[in-house]
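Novice: Provided below are the primary sequence and the corresponding predicted coordinates.
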Amino acid sequence: MKKKELEMLLQKIPKIPKPSPNLEQYSTPADIASDVLFNAYQDIAGKNIIDLGCGTGIFSVGAKLLGAKNVVGIDIDEKTVDAAKECSEKMGLKIDYRIMDVKDFDEKCDTVIQNPPFGAQTRHADRIFLQKALEIGSVVYTMHLSKTGDFVRKFVDNLGGRVVFEKKYKFQIKHTFNFHKKEKTEFEITVFKVMVIK
């Protein structure tokens, strides 16, 4: 599958039905998701994948389309998980979605792919995701605001991981909540590939 083909398929993933500001629910754009997934291909094909904070399943679906052996998507929002299940079923993909707090998930996997909350509304929300990802995965692809890069590297280091690759993207967020002042806001984000040293 070519990257453009994957991006077009990922554009069919529905938006989050009722986004919550506390959960910082923003859909990952299809062009960013497809690029992240293509860069992660060697850690996806034939592997067991966990998508923490899966939303409507863009990384879960993408991983399955790229040949993941098993994919589990975890999210605390029931309506969002329902939308993810419905979309994956329509696409004929077998993905195990679960409604639960990421803190309570403890199954090991080969690779974690996640777009966690940035910690803008709920302080340190991103730390919970990072900690869990490094607990359960051997390789982690995780997305954060670029300005928090030093913190991410240090935090990962303290948890026994090593950042081996970074790539920056422009992440556009459309006006979603009352406190948003602009029609669109663009953030610079970085995707970090982390190897977990056991």
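Specialist: Yep, it's here.
Novice: Roughly how far does Arg153 sit from Gly137?
Specialist: 17 Å (Cβ to Cβ, to the nearest Å). To be clear about C-beta, it is placed using only N, CA and C from the backbone, and glycine gets the same treatment.
Novice: And those two? Which one has more around it.
Specialist: Higher neighbour count among Arg153 and Gly137: Gly137, with 26 against 17, using other Cβ atoms under 10 Å.
Novice: tell me the contacts of that one?
Specialist: The contact partners of Gly137, taken as Cβ atoms under 8 Å, 6 or more residues apart in numbering, are 50, 108-112, 196.
Novice: May I ask which of those residues has the most neighbours?
Specialist: Per-residue neighbour counts (other Cβ under 10 Å) across those peak at Ile50, which has 29 neighbours.
Novice: Which residue is the nearest non-sequential neighbour of that residue?
Specialist: Once flanking residues are discounted, Ile50 sits nearest to Cys109: 4.5 Å by Cβ to Cβ, 6 or more residues apart in numbering.
Novice: just checking, that neighbour touches Asp51?
Specialist: No - the criterion here is Cβ atoms under 8 Å, and Cys109 misses it with Asp51 at 9.9 Å.
Novice: Could you tell me which residues touch both of these two?
Specialist: With Cβ under 8 Å, 6+ apart, Cys109 and Asp51 have common neighbours Val72.
Novice: residue boundaries of the helices in the chain?
Specialist: 3-10, 30-39, 58-65, 78-90, 125-136, 149-158 (DSSP state H).
Novice: quick one on the thing from earlier: looking at the contacts of Gly137, point me to the pair that's furthest apart.
Specialist: Spatially, the most separated pair among these is Ile50 and Val196, at 12.7 Å (Cβ to Cβ).
Novice: Ignoring the adjacent residues along the chain, who's closest to the residue most central in space within the chain?
Specialist: Geometric centre of the chain, nearest residue: Gln114, 2.4 Å, by Cα atoms, centre = their mean. Ranked by Cβ to Cβ, 6+ apart and with sequence neighbours excluded, the top spatial neighbour of Gln114 is Leu52, at 4.3 Å.
Novice: How many neighbouring residues does the one you found have?
Specialist: For Leu52, the count of nearby residues is 25 (other Cβ under 10 Å).
Novice: what does Leu130 give?
Specialist: Neighbourhood size, Leu130 [other Cβ under 10 Å]: 25.
Novice: same deal with the one 4 residues further on?
Specialist: Counted by other Cβ under 10 Å, the residues lying close to Leu134 total 21.
Novice: check contacts around it.
Specialist: Taking Cβ under 8 Å, 6+ apart, we find Leu134 in contact with 140, 156, 159-161, 194, 196.
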